[in-house]
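> structure for this input, please:
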Amino acid sequence: MKKIISLFVFVSIFTEMYGQSAAKAVYAEIGGPGLASANFDMRFQPREDGFGFRVGVGGFAIDGANILTVPVGINYLIGKDQKNYFEIGAGFTYINAKDTYASDNFSSSFGNLTLGYRLAPANGGFFFKAAITPVFGSGFFIPYYAGIAFGYKF
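Residues are numbered from 1 along each chain as shown. Model (predicted):
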(Lines give C-alpha, C1' and ligand atoms only; values in the text may rest on other atoms or scores of the structure.)
Protein backbone atom coordinates (compact mmCIF):
# COMPACT_ATOMS: atom_id res chain seq x y z
CA MET A 1 0.00 0.00 0.00
CA LYS A 2 2.91 2.35 0.70
CA LYS A 3 4.13 1.83 -2.87
CA ILE A 4 0.73 2.79 -4.26
CA ILE A 5 0.54 5.95 -2.14
CA SER A 6 4.11 6.86 -3.15
CA LEU A 7 3.20 6.41 -6.82
CA PHE A 8 0.21 8.76 -6.54
CA VAL A 9 2.28 11.36 -4.63
CA PHE A 10 4.90 11.21 -7.41
CA VAL A 11 2.23 11.63 -10.10
CA SER A 12 0.74 14.61 -8.25
CA ILE A 13 4.11 16.34 -7.90
CA PHE A 14 5.06 15.58 -11.52
CA THR A 15 1.74 16.94 -12.76
CA GLU A 16 2.10 20.12 -10.72
CA MET A 17 5.69 20.76 -11.83
CA TYR A 18 5.61 19.80 -15.51
CA GLY A 19 2.03 19.49 -16.62
CA GLN A 20 0.55 22.97 -16.35
CA SER A 21 -0.47 23.11 -20.01
CA ALA A 22 -0.14 19.46 -21.03
CA ALA A 23 -3.25 17.56 -22.13
CA LYS A 24 -4.79 15.49 -19.31
CA ALA A 25 -7.67 13.05 -19.02
CA VAL A 26 -9.47 11.08 -16.33
CA TYR A 27 -11.43 8.00 -17.30
CA ALA A 28 -13.02 4.76 -16.19
CA GLU A 29 -11.94 1.65 -18.06
CA ILE A 30 -13.50 -1.78 -18.29
CA GLY A 31 -11.12 -4.47 -19.46
CA GLY A 32 -7.70 -3.21 -20.44
CA PRO A 33 -4.66 -3.35 -18.15
CA GLY A 34 -6.58 -2.43 -14.97
CA LEU A 35 -9.42 -4.94 -15.48
CA ALA A 36 -11.89 -2.40 -13.98
CA SER A 37 -10.15 0.86 -13.10
CA ALA A 38 -10.18 4.65 -12.74
CA ASN A 39 -7.24 6.28 -14.54
CA PHE A 40 -5.33 9.53 -15.03
CA ASP A 41 -3.51 10.19 -18.33
CA MET A 42 -1.21 13.09 -19.21
CA ARG A 43 1.13 14.13 -22.04
CA PHE A 44 4.77 14.84 -21.11
CA GLN A 45 4.88 17.96 -23.31
CA PRO A 46 2.36 20.82 -23.67
CA ARG A 47 0.76 19.31 -26.77
CA GLU A 48 -2.13 17.01 -27.63
CA ASP A 49 -0.16 14.14 -29.16
CA GLY A 50 3.20 12.51 -28.46
CA PHE A 51 4.47 10.72 -25.37
CA GLY A 52 2.50 10.49 -22.15
CA PHE A 53 1.70 8.21 -19.25
CA ARG A 54 -1.24 6.64 -17.47
CA VAL A 55 -1.69 5.55 -13.90
CA GLY A 56 -4.79 4.09 -12.32
CA VAL A 57 -6.31 2.10 -9.54
CA GLY A 58 -9.00 -0.51 -9.78
CA GLY A 59 -10.38 -3.64 -8.35
CA PHE A 60 -13.39 -5.70 -7.53
CA ALA A 61 -14.68 -8.36 -5.14
CA ILE A 62 -16.01 -11.77 -6.15
CA ASP A 63 -17.17 -14.43 -3.69
CA GLY A 64 -14.97 -13.22 -0.83
CA ALA A 65 -11.93 -12.54 -3.00
CA ASN A 66 -10.85 -8.90 -3.12
CA ILE A 67 -8.64 -7.84 -6.01
CA LEU A 68 -6.71 -4.55 -6.25
CA THR A 69 -5.08 -3.52 -9.55
CA VAL A 70 -2.70 -0.64 -10.27
CA PRO A 71 -2.06 -0.16 -14.02
CA VAL A 72 0.90 2.04 -15.01
CA GLY A 73 2.12 2.69 -18.53
CA ILE A 74 3.76 4.86 -21.16
CA ASN A 75 1.85 5.70 -24.34
CA TYR A 76 2.29 7.58 -27.60
CA LEU A 77 -0.54 9.29 -29.49
CA ILE A 78 -0.37 9.71 -33.27
CA GLY A 79 -2.82 12.11 -34.92
CA LYS A 80 -3.00 15.34 -36.87
CA ASP A 81 -6.60 16.54 -36.47
CA GLN A 82 -6.38 17.29 -32.72
CA LYS A 83 -9.27 14.97 -31.92
CA ASN A 84 -8.76 11.41 -33.23
CA TYR A 85 -5.62 9.50 -32.29
CA PHE A 86 -4.00 6.12 -32.72
CA GLU A 87 -2.54 5.04 -29.37
CA ILE A 88 0.38 2.69 -28.85
CA GLY A 89 1.74 1.89 -25.43
CA ALA A 90 3.27 -0.51 -22.96
CA GLY A 91 3.06 -0.95 -19.23
CA PHE A 92 2.52 -3.22 -16.30
CA THR A 93 -0.22 -3.88 -13.78
CA TYR A 94 0.36 -4.70 -10.13
CA ILE A 95 -2.22 -7.11 -8.66
CA ASN A 96 -2.94 -7.84 -5.01
CA ALA A 97 -5.63 -10.40 -4.21
CA LYS A 98 -6.93 -11.52 -0.83
CA ASP A 99 -9.38 -14.30 -0.09
CA THR A 100 -11.47 -13.79 3.06
CA TYR A 101 -12.33 -17.51 3.26
CA ALA A 102 -8.74 -18.75 3.07
CA SER A 103 -5.37 -17.58 4.26
CA ASP A 104 -4.14 -17.28 0.69
CA ASN A 105 -2.96 -13.85 -0.40
CA PHE A 106 -1.62 -13.30 -3.89
CA SER A 107 0.57 -10.50 -5.20
CA SER A 108 1.94 -10.31 -8.73
CA SER A 109 2.12 -8.21 -11.85
CA PHE A 110 1.77 -8.62 -15.59
CA GLY A 111 2.86 -6.69 -18.65
CA ASN A 112 0.63 -5.24 -21.34
CA LEU A 113 0.69 -3.57 -24.73
CA THR A 114 -1.87 -1.10 -26.08
CA LEU A 115 -2.98 -0.63 -29.69
CA GLY A 116 -6.13 1.38 -30.14
CA TYR A 117 -8.24 4.41 -30.94
CA ARG A 118 -8.63 7.48 -28.74
CA LEU A 119 -11.13 10.34 -29.08
CA ALA A 120 -9.76 13.32 -27.12
CA PRO A 121 -10.88 16.77 -28.36
CA ALA A 122 -8.23 19.52 -28.07
CA ASN A 123 -10.64 21.86 -26.24
CA GLY A 124 -11.54 19.21 -23.69
CA GLY A 125 -14.73 17.31 -23.16
CA PHE A 126 -15.90 13.74 -23.70
CA PHE A 127 -13.06 11.20 -23.81
CA PHE A 128 -13.38 7.74 -25.37
CA LYS A 129 -10.86 4.98 -25.85
CA ALA A 130 -11.05 1.45 -27.30
CA ALA A 131 -7.98 -0.75 -27.56
CA ILE A 132 -6.60 -4.22 -27.99
CA THR A 133 -4.42 -4.78 -24.92
CA PRO A 134 -2.47 -8.04 -25.10
CA VAL A 135 -1.34 -9.11 -21.63
CA PHE A 136 1.56 -11.34 -20.69
CA GLY A 137 3.29 -12.65 -17.62
CA SER A 138 5.05 -15.61 -16.14
CA GLY A 139 3.84 -18.50 -18.27
CA PHE A 140 0.92 -16.85 -20.07
CA PHE A 141 0.10 -14.61 -23.04
CA ILE A 142 -3.40 -13.42 -23.97
CA PRO A 143 -3.17 -11.68 -27.37
CA TYR A 144 -6.84 -10.72 -27.87
CA TYR A 145 -7.64 -9.01 -24.59
CA ALA A 146 -9.28 -5.58 -24.97
CA GLY A 147 -10.64 -2.60 -23.07
CA ILE A 148 -13.01 0.33 -23.46
CA ALA A 149 -12.93 3.62 -21.55
CA PHE A 150 -15.07 6.73 -21.08
CA GLY A 151 -14.11 9.93 -19.31
CA TYR A 152 -13.27 13.61 -19.52
CA LYS A 153 -10.31 15.29 -21.23
CA PHE A 154 -9.10 18.69 -20.02
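> switch to C-alpha atoms for all contacts and neighbour counts from now on
Will do.
> for the nearest residue to Tyr101 once chain neighbours are set aside, give me the backbone phi and psi.
Among residues not flanking Tyr101 along the chain, Gly64 sits closest, at 6.5 Å (Cα to Cα, 6 or more residues apart in numbering). Torsion angles at Gly64 (phi, psi; degrees, to the nearest 10) stand at phi 90, psi 0.
> whichever strand or helix holds Ser37 - what's its average pLDDT?
For Ser37, the host element (DSSP states H and E) is strand 36-43. Regarding strand 36-43, the rounded mean pLDDT is 97.
> right, and the helix or strand after it?
Following strand 36-43 in sequence order, the next helix or strand is strand 50-62 (DSSP H and E).
> quick one: that following strand to strand 36-43, angle?
Here strand 50-62 runs at an angle of 170 degrees relative to strand 36-43 (axes from the mean of the first three to the mean of the last three Cα atoms, to 10 degrees).
> list the buried residues of the strand or helix carrying Phe150.
Using DSSP H and E, Phe150 falls within strand 146-153. Going by neighbour count (16 or more other Cα atoms under 10 Å), the buried part of strand 146-153 is 146-153.
> strands of this protein, residue ranges please.
Assigned by DSSP state E, the chain shows strands spanning 24-31, 36-43, 50-62, 65-78, 84-99, 105-119, 125-132, 135-137, 140-142, 146-153.
> name the strands paired with the third one and say parallel or antiparallel.
When you say that, I think you mean strand 50-62. strand 36-43 (antiparallel), strand 65-78 (antiparallel) (DSSP bridges).
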